[in-house]
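[1] Return a 3D structure for these sequence lines:
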Amino acid sequence: MTSRRQVVVAMAACPLGISLVSNAQPTKDIPRIGYVSSQTPDWYLESFRQRLRELGYLEGSNLVFELRRAEGRLKEMPGLVRDLIEKNVSVLVLLNLAALDAARKTGTTIPIVTLSSIDPVKSGLVASLAKPGGNITGLTNLQRDLNAKRLELVREIFPRLSRLAILWDANGPGPKVAFAEYQAVAKSLKLHVQSLALQGPAPDLEAAFQAAVTEKAEALIVVSNPMLGAHLATVTSLAMQRRIPLISENENWANAGALISYGASLRELGRRFASLTHRILQGAKPSDLPFEQSTVFEMVLNMKAAKALGITIPPTIQVRATKVVE
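    This is a model prediction of the structure:
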């Protein structure tokens, strides 16, 4: 009678036996997510991963997470994206236009989940919100739709405001649209706009703020994008040193020292990106997944900054704040 030990030994010695065992128990492919982070801290990443865990994914077990960091260096995006495409990831999560543009130029058909701060239909990113077509879906944070609201907040805090500076990345497609829209709204409010256009990746921020002081800017709006996000600490520090109130588009800026921010909830966006990614991993096609819009918005008020600048925040704004930094 042949023992179980003898069978195992025989199979181990016989290549044919190994082949038969391997074929009898095929290993299911583990999905791979390719994620390009544009800056640190990444305000979507934590909630993105948390939502994936809630959906049953465990990195290193039933999911491979390929994370690439650009740290605000937009010129590195194409190389990072190509690396993920060459690894044949299951889904690309590209939450800035520079990374998305790099992917589109390769002609890849890998499903993409993305974030758009500008109208994805008008910009030609997708055919329609309901039926994106192609291999791209995602969310729009309605960033540009909120420009008028932010200027209204500025006017509410500073009723006599007449001179406004706007800090923006001249090389970014989203910021170009943003600046033009802010300029149009400011004109309707009879505000003088000073353009502080920057050239990355190492912009002369000292010169930009000196120009704002010289022109007597009474407040400054910073247009969010990866390049400026990489210099968040420097920008908020310079604004405080020059005693210029900083108005921002995302919560991370208010947390770091800007006076106030108003925009889509970064945590909620991260969770929704994960849910879209999950649906694609389950077999859904990006072309059939509606391009979603932000539904949760946050106004973050930094009272510490207000006190340091000697600014009195109207009670009407204080009661509307979803978060207050003391």
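[2] in the stretch 1-150 of the chain, which ranges drop under the pLDDT threshold?
    Scanning the stretch 1-150 of the chain with the threshold set as pLDDT under 70 gives 1-28, 72.
[3] Which parts of it are helices?
    Listed in chain order, the helices found in the stretch 1-150 of the chain under DSSP state H, counting those that start in this stretch are 4-13, 15-24, 45-54, 77-86, 97-106, 147-157.
[4] I'd say Ser38 and Leu228 touch.
    No - counting by CB atoms under 8 Å, no contact exists between Ser38 and Leu228, whose distance comes to 10.7 Å. No exception for glycine: its C-beta is placed from N, CA and C like everyone else's.
[5] Residue nearest the middle of the chain, spatially speaking?
    Note on the chain: the residue nearest the mean C-alpha position is Leu95, at 4.8 Å, using CA atoms, centre = their mean.
[6] nearest residue to that residue other than its sequence neighbours?
    Leaving out its chain neighbours, the residue that sits closest to Leu95 by CB to CB, 6 or more residues apart in numbering is Leu115, at 4.3 Å.
[7] Does that neighbour have any beta-bridge partners, and if so which?
    With DSSP bridges applied, Leu115 shows beta-bridge pairing to Leu139.
[8] count of residues packed around it?
    Taking other CB atoms under 10 Å as the criterion, the count of residues near Leu115 is 25.
[9] cool, Ala184 as well?
    Applying the criterion other CB under 10 Å, we find 12 residues in the vicinity of Ala184.
[10] secondary structure element for it?
    Taking DSSP states H and E as the definition, Ala184 sits inside helix 173-188.
[11] do the same with Leu276
    Applying DSSP H and E as the criterion places Leu276 in helix 266-281.
[12] Other residues contacting that helix?
    With contacts defined as CB atoms under 8 Å, 6 or more residues apart in numbering, helix 266-281 is touched by 31, 33, 43-52, 55, 57, 90-91, 93, 95, 111, 113, 115, 137-139, 141, 250-252, 286, 289, 292, 294-296.
[13] ok, then the element right after it?
    That would be, after helix 266-281 and using DSSP H and E, strand 292-293.
[14] List the neighbouring strands of that next one plus their orientation.
    When pairing is defined by DSSP bridges, strand 292-293 lines up against strand 136-140 (parallel).
[15] Just want the angle from the partner strand to helix 266-281.
    Compare the direction of strand 136-140 with that of helix 266-281 by axes from the mean of the first three to the mean of the last three CA atoms, to 10 degrees and you get 160 degrees.
[16] And the contacts of strand 136-140?
    With contact meaning CB under 8 Å, 6+ apart, strand 136-140 is reached by 100, 111-120, 125-126, 269, 272-273, 276, 280, 286-287, 289-294.
[17] now stretch 88-108
    With CB under 8 Å, 6+ apart as the contact definition, stretch 88-108 has outside contacts at 31-36, 38, 44, 48, 66, 70, 74, 77-78, 80-82, 84-85, 110-117, 125, 135-136, 172-174, 225-226, 273, 277, 280-281.
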